[in-house]
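>>> Quick one, fold the following:
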Amino acid sequence: MSEASRLVSKHRVEALSDGIYAVAMTLLVLELRMPEEVRQAGDAEFAQALAALAPRFIAWLLSFFILAVFWMGHQRAFHFVRHVDPQLLRINVVNLLFVSLMPFSSALVGEHTRHFLSQAFYAANMAALAAATLWQLAHLVAHPELCEPPLPRAVAAGARMRCWSLIALAALACALGWWVPRFASAVFVLMFLLARIARRVEARAAQKDALLSDRPFP
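A predicted model of the protein is given here:
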């Protein structure tokens, strides 16, 4: 079998990825539902039941935001991809495996906030998603022939920082969850700040590359 016959259309991979991201991000919100018994409750009981949804609401917000960040990163990387080899296809499927698990992880941590295992499972899902993205990134950098033009160094630098930041936050969440599991998932709020820093790192790397490319050859 020739090398060309083993390549997969990137548009089919993008379509599958977009569909799974869309379904996962939609399923997240299904956990935000009021209990049946509040239909006959008064205003005070209704307000109390609504306040009890706060952990699920926080889990939904964090999970939706992080999935959105990784979807945007996936789209940016695949903008440069022209061909998908079997290995990149397998890596992408593994990545989508952890994407599809996010609704369950989010529901678990939102409903069982006080349990260390639920916090650890949620953090592990986050870290696995980041690790799979790093794996995909490493494959694209190691095989520039799959991209046209090759994946820019600045884009790779920003993506790496986002992924390693999420892995670090997942480790911090597990450590915090051992002592005070109720607040462990709150550390992922830092991704809002770290994502902004990653964009600055990417912009600076892009400026540096532009300056180097403008220099005359000796």
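
>>> drop to CA atoms for contacts and neighbour counts, all remaining ones
Noted.

>>> Residue 108: what's it in contact with?
Residue 108 is in contact with 118, 122, counting by Cα atoms under 8 Å, 6 or more residues apart in numbering.

>>> how about a cut-off of 7 Å?
residue 118 (Cα atoms under 7 Å, 6 or more residues apart in numbering).

>>> Please report how far it lies from residue 185.
12 Å (Cα to Cα, to the nearest Å).

>>> How about residue 95?
21 Å.

>>> hey, which helix or strand in the protein has the poorest pLDDT?
Within the chain, confidence by mean pLDDT, DSSP states H and E is lowest for helix 43-51 among all helices and strands, at a mean of 71.

>>> Report the buried residues of the next helix-or-strand element following it.
Proceeding N to C from helix 43-51, the next assigned helix or strand is helix 54-80, under DSSP states H and E. In terms of neighbour count (16 or more other Cα atoms under 10 Å), helix 54-80 has its buried residues at 55-60, 62-67, 69-71, 73-74, 77-78, 80.

>>> List the contacts of the one helix or strand residue 204 maps to.
In this assignment (DSSP H and E), residue 204 forms part of helix 190-214. The contact list for helix 190-214 (Cα under 7 Å, 6+ apart) reads 154, 155, 157, 158, 161, 162, 165.

>>> Quick check: phi and psi on residue 91?
phi -60, psi -40 (degrees, to the nearest 10).

>>> ugh, wrong one, I meant residue 147
When read as degrees, to the nearest 10, the backbone of residue 147 gives phi -120, psi 150.

>>> What count of nearby residues applies to residue 197?
A count of neighbours around residue 197, defined by other Cα atoms under 10 Å, yields 15.

>>> Offset the numbering so it begins at 16, please.
Right, with 16 as the first residue, what we last looked at is residue 212.

>>> how much space between the nearest residue to residue 128 once chain neighbours are set aside and residue 135?
Of all residues not flanking residue 128 in the chain, residue 197 sits nearest, at 5.1 Å (Cα to Cα, 6 or more residues apart in numbering). From residue 197 across to residue 135, the span is 12 Å (Cα to Cα).
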